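>>> Whatever this is, show me its structure:
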Amino acid sequence: MTTIIDGKQLAKALNAQTKTRVAALAAQGKVPGLAVIIVGTDPASELYVRSKHRKAGQLGINSIVRQLPATISQADLLAVVRAYNVDPTIHGILVQSPLPNGLDETAVINAIDPGKDVDGFHPVNVGRLFKNLPGHYPVSCTPRGIMTMLESLQTPLRGKHAVVVGRSNIVGRPMAAMLLNADMSVTITHKYGSNLRALTTTADVLVVATGVTHLIKEADVKPGAIVIDVGMDRDADGKLTGDVDFDAVFDKVHAISPVPGGVGPMTIATLMRQTVDLCEWSDELGNE
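Predicted coordinates:
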């Protein structure tokens, strides 16, 4: 029988744990602080930022949304980031992507203090992840949320084969690193791969993050596989769907995440969790 990996329920449980941790920190006189910087008025970005801000408030996290004009200069944007770097009440800094044309997103990410890099995108933290270094440091939230989803299945991963379809710095590349760090053999490919089906049908765990509606069909999955769909697409009728043809593959796989209600809620819940992590680690990371 196929298991639906319910991201909403897992996120609800994770948020409850986070709220308990926030209360414990408050009893010590510490309040986790999250600063979200948004540049311009992109509607999708504004919606996502509102969701983050609302969830942070529900959990007791001090959330600051700093909306800046699309005309801001690179120097002024970097100055805002650096001000939050030295603000002891802020433990996590997030710059909402994408930035307007003319701004160097890489330079902005690099300007964030690695100890406050709640998105896990700073090269220092990416390097720590890929080297599988011990210690405390933030990592990319969507892949970390996916690892929580996989853990919920209580299916041993060690020695199994994972295939990641997608190579972005936000999902594909850090996802491959986390699966490798979990002692899996990992293949990473993308939507342009000429032998895509030959690879995906070997996957015990298949993670798909391409933005291509229903790229993965029934013939593309291995019987009994675990399938994680990171896509957030619209079908011909405008209905929200994923990169995997959920209905077609459902009966063939051991477990699958739905869209919506799968990875999305876990990403925000993991962001909240990581904000609290950074608060708890702040003395060690030199943020206070």
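>>> Give me the neighbour count for the nearest residue to Leu68 once chain neighbours are set aside.
Distance criterion CB to CB, 6 or more residues apart in numbering; nearest residue to Leu68, sequence neighbours excluded, is Val39 at 4.8 Å. For every residue, glycine as well, the C-beta is placed using N, CA and C. Close neighbours of Val39, defined as other CB atoms under 10 Å, add up to 24.
>>> what separates the residue positioned nearest the centre of the chain from Ala182, distance-wise?
Centroid-nearest residue in the chain, with CA atoms, centre = their mean: Thr142, separated by 1.8 Å. Taking CB to CB, to the nearest Å as the measure, Thr142 falls 16 Å from Ala182.
>>> pretty sure Ser45 belongs to a helix, no?
Yes - counting by DSSP: H, G, I helix; E, B strand; the rest coil, Ser45 is located in a helix.
>>> Domain ranges for the chain, per the record?
29-118, 141-264 (automatic domain parsing).
>>> Make a markdown table out of these and add mean pLDDT and distance to Lys19.
Below are these laid out as a markdown table (pLDDT from 0 to 100; distance: least, CB to CB, whole Å):
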| stretch | mean pLDDT | distance to Lys19 |
| --- | --- | --- |
| domain 29-118 | 97 | 5 |
| domain 141-264 | 97 | 16 |
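>>> Take the ones you listed and lay them out in a markdown table including distance to Leu133.
A markdown table is the format used below for these (distance: least, CB to CB, whole Å):
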| stretch | distance to Leu133 |
| --- | --- |
| domain 29-118 | 12 |
| domain 141-264 | 10 |
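>>> Out of the ones you listed, which is the most enclosed?
domain 141-264 (a mean of 19; mean count of other CB atoms under 10 Å).
>>> Go ahead and confirm Asp119 touches Pro143.
No - using CB atoms under 8 Å, Asp119 is not in contact with Pro143; the gap is 11.4 Å.
>>> Can you show me the helices along the stretch 1-150 of the chain?
Using DSSP state H, counting those that start in this stretch, the helices found in the stretch 1-150 of the chain span residues 7-27, 43-59, 74-85, 105-111, 123-131, 141-152.
>>> Now the fourth one - C-alpha only, CSV.
Taking Å, rounded to 0.1, in the frame of the first residue of the first chain, the C-alpha atoms of helix 105-111 are listed here in CSV:
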residue,chain,number,x,y,z
GLU,A,105,22.4,38.3,-5.8
THR,A,106,25.6,36.3,-5.2
ALA,A,107,27.3,39.3,-3.6
VAL,A,108,24.3,39.8,-1.4
ILE,A,109,24.3,36.2,-0.2
ASN,A,110,28.0,36.4,0.4
ALA,A,111,27.6,39.5,2.5
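>>> Show me what that helix packs onto, helices and strands only.
helix 74-85, strand 92-95 (3 or more CB pairs under 8 Å, 6 or more residues apart in numbering; DSSP states H and E).
>>> isn't the residue nearest to Leu68 right up against Ala70?
Yes - counting by CB under 8 Å, Ala70 is a contact partner of Val39 at 6.2 Å.
>>> Need the overlap of contacts for those two.
Pro100 (CB atoms under 8 Å, 6 or more residues apart in numbering).
>>> Any idea how far apart the tips of stretch 154-169 sit?
27 Å (CA to CA, to the nearest Å).
>>> Confirm that Val163 sits in a strand.
Yes - Val163 forms part of a strand when assessed by three-state DSSP.
>>> What's the separation between the closest residue in space to it that isn't next to it in sequence and Met232?
Distance criterion CB to CB, 6+ apart; nearest residue to Val163, sequence neighbours excluded, is Ala203 at 3.7 Å. According to CB to CB, Ala203 stands 21 Å off from Met232.
>>> What of Gly264?
Gly264 is 7 Å from Met232, by CB to CB.
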